[in-house]
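Q: My questions concern the predicted model and sequence given below.
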Amino acid sequence: MNNLTLKEQLAALALGSSTSTCPPQQKPAKKAPQKTQEKTKSQNKIKPAWLEHAQYGVELLKAYFPVAFKEVQAVQPLKIGIKQDLVMRLGSIENIVLNDKACMVSSLSYYVSSPAYLKNVVTGATRIDLDGNPAGVVTAEEAQYSLDSRQAKLQKKAKSGKQKHPTVIPHKFS
């Protein structure tokens, strides 16, 4: 098992090393408490293993296929059937370890369900393949599905936010 951090693994990837592996699906070790009492909520939260795994896979996708998998500001809709293309392409690349290949394929769904991706799936937008070549356009039906997905996620997030802080109704006793 490889104990390198994500940053170290991506640096090794950039140098052409094939020793990186997808992060293990386990709870991260507890960090030593900080001396300052002013912690933000993001510092207090520990990332779930599945999220760390998905984000690592997306970073690998960006490293190996930078034209197709871009940063949030430049995300473009991907070709229909991109998963099959990805599996075929990864099968022909020998310098990527099997765990990283599996991690990239499983992280594809995380990437295409992200708010940035869904926001850019609009009617008439050009879809691209792994090499950045045009591979169709987004239909009105696909754009509507994307919009519905985004709205459902926002509603779910708003609903879960309300549930975390329930309103307490005082009881009157006579």
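A: Thanks, I have the structure now.
Q: just checking, A140 touches T123?
A: Yes: contact status for A140 versus T123: in contact at 4.8 Å, counting by CB atoms under 8 Å. C-betas here are computed from N, CA, C, even on glycine.
Q: the more surrounded of the two?
A: The residue with more neighbours, out of A140 and T123, is T123; 14 against 10, by other CB atoms under 10 Å.
Q: And the lengthiest helix in the chain, what does it pack against?
A: The longest helix of the chain (DSSP state H) is helix 140-164. When contacts are defined as 3 or more CB pairs under 8 Å, 6 or more residues apart in numbering; DSSP states H and E, helix 140-164 packs onto helix 115-120.
Q: just to revisit the earlier point, got a list of contacts for the longest helix of the chain?
A: 113, 115, 118-119, 121-123, 125, 138 (CB atoms under 8 Å, 6 or more residues apart in numbering).
Q: Now, of the residues you listed, which are buried?
A: Taking 16 or more other CB atoms under 10 Å as the criterion, what is buried in the contacts of helix 140-164 is 118, 121, 125, 138.
Q: pLDDT averaged over the longest helix of the chain, what's the number?
A: Averaged across helix 140-164, pLDDT comes to 84.
Q: Just name the closest of the buried ones among the contacts of helix 140-164 to G57, please.
A: Nearest to G57 out of the buried ones among the contacts of helix 140-164 is L118 (CB to CB; 18.2 Å).
Q: Could you check the pLDDT of that closest one?
A: pLDDT, read off for L118, is 91.
Q: Check G124 too.
A: The model's pLDDT for G124 equals 94.
Q: Quick one: residues contacting it.
A: Applying CB under 8 Å, 6+ apart, we find G124 in contact with 137-138.
Q: Against A102, how distant is it?
A: Relative to A102, G124 is positioned 34 Å away (CB to CB, to the nearest Å).
Q: what about this structure, any weak spots by pLDDT?
A: 1-44, 162-174 (pLDDT under 70).
Q: If we use 80, what do you get?
A: The model of the chain has pLDDT under 80 over residues 1-45, 160-174.
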